[in-house]
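Visitor: Quick one, what's the 3D model for this:
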Amino acid sequence: MKIELTKKALVFRDDARELIKLLKKNLKKSKIIYLDLSKVEFLSRSFIDELLNFLTREKKVKVIIRNTSLRKFFNKVKGSKTNIKH
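Guide: Modelled structure (predicted):
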């Protein structure tokens, strides 16, 4: 299953929480979900952080980001989360 987001900007943690609800609902009926962020032009650090809190536990969701700058930023936030030891 593919979920394509069409919003130009994803900024708030609440946006990520709403997306996570949608992903959880669809995971019940699909073995894998491709989350397509190709049409998104801006991702905030807080949105990515909140989404990654879910994605690190849920391996059935694969993120597609075609914009090179956004993909680098996404991976940078992801890397900073994995480097933090609690």
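
Visitor: only C-alpha atoms for contact and neighbour calcs from this point on.
Guide: Fine.

Visitor: Would you map the strands across the protein?
Guide: For the chain, applying DSSP state E gives strands covering 2-4, 9-10, 33-36, 42-43, 61-64.

Visitor: For S80, which of those is the nearest?
Guide: Comparing those by their distance to S80 (CA to CA), the top pick is strand 42-43, with 15.8 Å.

Visitor: low-scoring pLDDT stretches of this protein, where are they?
Guide: By pLDDT under 70, the low-scoring segments of the chain are 83-86.

Visitor: Apart from its chain neighbours, what residue comes closest to the residue sitting nearest the centre point of it?
Guide: In the chain, the C-alpha nearest the mean C-alpha coordinate belongs to L51, at 4.7 Å (CA atoms, centre = their mean). Excluding its sequence neighbours, the residue lying closest to L51 (CA to CA, 6 or more residues apart in numbering) is A16, at 5.5 Å.

Visitor: how many neighbours does that neighbour have?
Guide: The number of residues packed around A16, counting by other CA atoms under 10 Å, is 21.

Visitor: And for the one 10 residues further on?
Guide: Using other CA under 10 Å, N26 has 16 neighbouring residues.

Visitor: Ends of stretch 42-60, what's the gap?
Guide: 24 Å (CA to CA, to the nearest Å).

Visitor: Show me how far it is from its chain's centre.
Guide: Distance of stretch 42-60 from the chain centroid (CA atoms, centre = their mean, to the nearest Å) equals 5 Å.

Visitor: where along this structure do the helices fall?
Guide: Remark: helices assigned in the chain by DSSP state H are 13-27, 45-55, 68-83.

Visitor: you'd agree F47 is up against A9?
Guide: No. Counting by CA atoms under 8 Å, F47 does not reach A9; the two are 9.9 Å apart.

Visitor: ok, back up a step: pretty sure the residue nearest to L51 is touching N53, no?
Guide: No. Using CA under 8 Å, A16 is not in contact with N53; the gap is 9.9 Å.
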